[in-house]
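Enquirer: fold the stuff below for me.
(one chain, ligands or ions: 1)
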Amino acid sequence: STVEGVELRRVGLPLVSPFRTSFGTQTHRDVLLVRVVTADAEGWGECVAMADPLYSEEYVDGAVDVLRRFLVPRLAAAGRIDAAAVAEVLAPVHGHRMAKAALELAVLDAQLRAAGTPLSRHLGAVHDRVPCGVSVGIMDSVPALLDAVGEYLDQGYVRIKLKIEPGWDVEPVRAVRERFGDDVLLQVDANTAYTLADARHLARLDPFDLLLVEQPLPEDDVLGHAALARQIRTPVCLDESITSARAAAEAITLGACSIVNVKPGRVGGYLEARRIHDVCAAHGVPVWCGGMLETGIGRAANVALAALPGFTLPGDTSASDRYYRTDVTDPFVLDGGHLGVPTGPGIGVVPVPEVLEDVTTWREWLPV
Ligand SMILES: O=C(O)CCC(=O)N[C@@H](C(=O)O)c1ccccc1
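Expert: Here you go, the predicted model:
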């Protein structure tokens, strides 16, 4: 399809409750949405970058700039192209995977809508609904944590992920196990907050039968994760380190991880995410779909991806109301601990016009 123009749009969404991780606390999301207009259809993409470069090197203002000055012009210069070729067209621009992922999804969504093909079918989904986990932030106290976990379990979430950091790890995990038992699927996410010197401390999580410990060490310390994996029993899962299918193959081969969190925004798009899924499947490594507090736009695409066969662990594909009182699309609502995979063409959802207008803080039309 030939792109006629691209709209960059920022929306401001308050979170229903503060979300604290080892790298900071979020109370509000400044989300960049990308709308691609072609002769046949328009498509939507979402950039998962945060306002500040604290999870990765990307941030919203930078994504806007690289899209406006480098990515959209290169897409325009390519003329009529298939969505499968977008990554190659954008490859000369180094990095900026979240910005690239947003543009690629918008092109792919427009193309699939024009063809009447759901994204799930295009990616190779085999399920029509996916089991949902939930990510629980670092809390002010253990009692507050137990209340939050109890509430999510009552809502039907099938897996609990606890954010941890030095000083908030063994005790909250023990408290959740003691209160909710050994059958609850439980995992932890450190977001790079530890070092290899913490190996013996992290081994204190072993008795709690966790599904995994996610990204305990810095994203560039692949060999450190391999060394750690030899010193603890809890399976190591990588997130920030896995920036591509090649990075996944390398980390697995080096023994740095036995589970992978697949996040389309982090790896440059849903097509690279599928390649990571395929590489992991070839190595017998289970994957699950990570989240970046997406609106219904990114959430719809994540649920489609999470329906692929290798996604055998519940992902961070929570309901819209985990984060937002009002989503920009019709809300994703948990049903028996699952979310239904959208069945419409493309990502299968569109922003609700009046909501979108109400939450828009900035927009720019880039003619092509
Ligand atoms: O459910 C969600 O969408 C969020 C899941 C989650 O914990 N995301 C974490 C992460 O490190 O994976 C994150 C949150 C905010 C920003 C970056 C990363």
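Enquirer: contacting residues around the spatially closest residue to residue 367 that is not a sequence neighbour?
Expert: Excluding the flanking residues, the one nearest residue 367 by Cβ to Cβ, 6 or more residues apart in numbering is residue 5, at 5.2 Å. C-beta here means a position set from N, CA and C on the backbone, and glycine is covered the same way. By Cβ atoms under 8 Å, 6 or more residues apart in numbering, the contact list for residue 5 reads 36, 37, 365, 366, 367, 368.
Enquirer: how close does the nearest residue to the fourth one once chain neighbours are set aside get to residue 194?
Expert: The shortest distance from residue 366 to any residue that is not its chain neighbour, by Cβ to Cβ, 6+ apart, is 4.6 Å, and that residue is residue 6. With distances defined as Cβ to Cβ, to the nearest Å, the gap from residue 6 to residue 194 amounts to 40 Å.
Enquirer: residue closest to the middle of the protein?
Expert: By Cα atoms, centre = their mean, the chain has its centre lying nearest to residue 291, at 2.9 Å.
Enquirer: tell me the pLDDT of it.
Expert: pLDDT for residue 291: 98.
Enquirer: do the same with the one 10 residues further on
Expert: At residue 301, the model reports a pLDDT of 99.
Enquirer: again, but for residue 1
Expert: Value for residue 1, per-residue pLDDT: 74.
Enquirer: tell me what residue 8 is bridged to.
Expert: Here residue 8 sits in beta bridges with residue 34, residue 364, as judged by DSSP bridges.
Enquirer: ok, it - contacts?
Expert: 32, 33, 34, 64, 67, 68, 363, 364, 366.
Enquirer: farthest pair in the residues you listed?
Expert: Using Cβ to Cβ, the two most remote members of the contacts of residue 8 are 33 and 68, lying 14.3 Å apart.
Enquirer: name the residue in the two with the higher neighbour count.
Expert: residue 33 (24 against 15; other Cβ atoms under 10 Å).
Enquirer: which residues of this protein lie near the ligand?
Expert: For the chain, the residues in contact with the ligand (Cβ under 6 Å from any ligand atom) are 21, 50, 55, 135, 189, 191, 239, 290-294, 316, 318.
Enquirer: quick one, what contacts the residue nearest to residue 366?
Expert: Counted by Cβ under 8 Å, 6+ apart, residue 6 has contacts 34, 35, 36, 37, 67, 72, 75, 103, 106, 365, 366, 368.
Enquirer: which among the residues you listed end up buried?
Expert: With burial judged by 16 or more other Cβ atoms under 10 Å, the buried subset of the contacts of residue 6 is 34, 35, 36, 37, 67, 72, 75, 103, 106, 366, 368.
Enquirer: so the third one touches residue 105, yeah?
Expert: No - taking Cβ atoms under 8 Å as the contact criterion, residue 36 and residue 105 are not neighbours in contact, 9.0 Å apart.
Enquirer: neighbours around residue 92, how many?
Expert: 8.
Enquirer: quick one: secondary structure of it?
Expert: coil (DSSP: H, G, I helix; E, B strand; the rest coil).
Enquirer: for residue 3, see how far away it is.
Expert: 18 Å.
Enquirer: likewise residue 97?
Expert: According to Cβ to Cβ, residue 97 stands 20 Å off from residue 3.
Enquirer: now residue 16
Expert: Distance from residue 16 to residue 3, by Cβ to Cβ: 36 Å.
Enquirer: ok, those two, which is more surrounded?
Expert: residue 3 (24 against 14).
Enquirer: and whatever residue of the stretch 151-300 of the chain ends up closest to the ligand, what element?
Expert: Residue nearest to the ligand within the stretch 151-300 of the chain: residue 291 (2.4 Å; Cβ to the nearest ligand atom). Under DSSP states H and E, no helix or strand contains residue 291.
Enquirer: which SS state does residue 307 fall under?
Expert: Residue 307 falls in the coil class when you classify it by three-state DSSP.
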